[in-house]
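1. task: produce atomic coordinates for the following.
(one chain, ligands or ions: 2)
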Amino acid sequence: MRRQRIVVKIGSSSLTNPNGQLSMDKLTEHVQAISELKKKGHEVILISSGAVAAGFSALGYPIKPTSISGKQAAAAVGQGLLMRGYLEQFQKENLIPAQMLLTRDDFSNRHRFNNAYSTISELLKKGAIPIINENDTTSIQELTFGDNDMLSALVSGFVHAHILCILTDVNGLYDENPLKNPQAKRYTYLQEIKPELLAVADEKGSKVGTGGMKSKISAAHTALSLGVNIFIGKGTGVTKLLDIMEGKGDGTYIGSFQSEASMPTNKQWIALHSTSAGSIIIDRGAEHALLFLGKSLLPAGIKSVEGSFSSQDVINVYNESGYLLGKGTTNYHSNEIEQVKGHSSSVVKTTLQKQKTEVIHRNNWVALPKPFIYEP
Ligand SMILES: Nc1ncnc2c1ncn2[C@@H]1O[C@H](COP(=O)(O)OP(=O)(O)O)[C@@H](O)[C@H]1O
Ligand SMILES: N[C@@H](CCC(=O)OP(=O)(O)O)C(=O)O
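-> Ligands and ions are numbered 1, 2, ... in the order given. Next up is the predicted model:
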């Protein structure tokens with residue numbers, strides 16, 4: 001098998017023992033399974049939950065706390081314990097673990113997004129294992145990923161992973177929550193995620209996890225839209241991840257598993273993380289050129305401008321029926337667009353003396369079919 005870039009997400013349910021505390025046996029098995037992937041030359045990025053589970057009992061909580069402050073305090077204690085476990089076990093495999101704690105802001109801020117990308121790339125180049133978790137101690141409730149499923153999808157798109165392996169306590173996606181209906185049937189392969197699937201997935205997860213299968217499916221949907229295939233399931237033994245890579249995993253495979261080009265990182269940022277500073281409305285010709293001909297947006301197709309924005313801001317683009325077509329980085333200030341909207345490129349060149357006549361270049365434009373928009 002050729003060398004692949006693999007993101008492995010381990011949920012709290014796969015890192016804990018029945019009383020909800022961190023299980024060193026489980027953690028050790030995951031580390032050994034990752035080490036087997038590394039021995040085959042694959043690059044691995046680990047998204048690990050488990051900080052809250054690892055930390056709550058040391059603070060005297062009888063069960064996993066439900067309050068935000070309780071979870072944040074437990075995570076502050078548990079993240080250190082979790083990393084100590086990873087460090088001890090990865091050292092035995094002669095591998096270097098590297099902690100990265102991210103928040104929603106690290107994705108929405110373009111500089112921090114690029115910095116996080118550079119750090120991961122450098123760590124991979126050096127053969128280290130980035131271990132990513134949400135920075136629970138500082139995340140504000142409304143800005144959190146909530147669980148690490150969506151974080152793992154965003155990271156796998158970001159690093160252009162070949163596959164995202166979501167390890168959990170259930171061996172795949174069923175047509176009903178198997179805990180509620182033991183007769184539920186398992187999907188072993190899905191080419192795509194249809195909206196009906198979200199309906200079969202329960203938000204209710206295990207005792208220690210957050211988000212249940214619902215958050216895994218919406219994460220899988222986002223990963224697919226970014227060109228990443230997904231596996232959701234479980235496994236035992238040190239070869240469990242190799243088994244998944246060889247198509248023998250105990251779970252559900254999702255995606256085409258063809259080597260398709262993933263979405264460029266700058267477009268991922270525009271599509272999933274940027275905040276729009278304003279809007280423009282375009283005519284039908286421009287809509288056709290943008291959506292079907294892969295062209296850039298020229299001033300001639302612009303009907304009107306809303307809001308005040310600067311060059312290099314991200315703006316929304318609507319058609320005349322009010323439908324949001326997509327987002328892109330503008331090369332023009334809103335005042336400049338007011339001056340040149342509806343005019344040909346030659347008029348624009350003389351009016352504004354700009355070299356670039358494209359208001360939005362096609363490399364900085366993302367069409368947004370509604371279901372692909374991730375709303376944090
Ligand atoms: N349709 C479904 N198929 C499989 N599992 C489901 C489904 N709906 C809900 N679940 C539940 O999702 C749980 C896994 O989610 P969660 O506890 O959040 O895991 P993790 O901690 O690994 O992120 C399983 O224990 C299972 O009970
Ligand atoms: N960041 C949190 C993850 C919370 C959580 O429950 O996540 P998950 O088990 O992936 O559903 C932690 O480390 O405990």
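2. how far away is the nearest residue to residue 326 once chain neighbours are set aside from ligand 2?
-> Leaving aside its chain neighbours, residue 326 sits nearest to residue 367 (4.2 Å; criterion: Cβ to Cβ, 6 or more residues apart in numbering). Placement of C-beta: from N, CA and C, glycine included. According to Cβ to the nearest ligand atom, to the nearest Å, residue 367 stands 31 Å off from ligand 2.
3. need the contact list for residue 367.
-> Residues near residue 367 by Cβ atoms under 8 Å, 6 or more residues apart in numbering: 290-291, 325-326.
4. likewise for residue 282?
-> Counting by Cβ under 8 Å, 6+ apart, residue 282 makes contact with 290, 297, 301-303, 317-320, 325.
5. show the pLDDT at it.
-> For residue 282, the pLDDT comes out at 96.
6. and it, backbone torsions?
-> The phi/psi pair for residue 282 (degrees, to the nearest 10) reads phi -120, psi 160.
7. any idea how far it is from residue 181?
-> Residue 282 is 49 Å from residue 181, where distance means Cβ to Cβ, to the nearest Å.
8. over to residue 46?
-> Distance of residue 46 to residue 181, given as Cβ to Cβ: 32 Å.
9. okay, these two: which has more neighbours?
-> Neighbours per residue (other Cβ atoms under 10 Å) separate residue 46 from residue 181, with residue 46 holding more: 24 against 11.
10. skipping adjacent residues, who's closest to that one in space?
-> Per Cβ to Cβ, 6+ apart, closest to residue 46 is residue 131, 4.7 Å.
11. looks to me like the one you found is in a strand.
-> Yes - when DSSP: H, G, I helix; E, B strand; the rest coil is applied, residue 131 is found to be in a strand.
12. how about the spatially most central residue of the chain, what does it touch?
-> Residue closest to the average C-alpha location in the chain (Cα atoms, centre = their mean): residue 154, at 1.4 Å. Residue 154 is in contact with 107, 222, 268, 272, 374, counting by Cβ under 8 Å, 6+ apart.
13. would you list those in JSON lines and tack on distance to residue 33 and neighbour count?
-> What follows is the contacts of residue 154, written out as JSON lines (distance: Cβ to Cβ, whole Å; neighbours: other Cβ atoms under 10 Å):
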{"residue": "107", "distance to residue 33": "28", "neighbour count": "23"}
{"residue": "222", "distance to residue 33": "25", "neighbour count": "27"}
{"residue": "268", "distance to residue 33": "28", "neighbour count": "24"}
{"residue": "272", "distance to residue 33": "29", "neighbour count": "27"}
{"residue": "374", "distance to residue 33": "29", "neighbour count": "18"}
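14. for those, which one is nearest ligand 1?
-> Minimum distance to ligand 1 across the contacts of residue 154 is 15.5 Å, recorded for residue 222 (Cβ to the nearest ligand atom).
15. can you name every helix or strand that the worst-scoring helix or strand of the chain on mean pLDDT contacts?
-> Across the helices and strands of the chain, mean confidence by mean pLDDT, DSSP states H and E is lowest for helix 195-200: a mean of 78. Applying 3 or more Cβ pairs under 8 Å, 6 or more residues apart in numbering; DSSP states H and E, we find helix 195-200 packed against helix 212-225.
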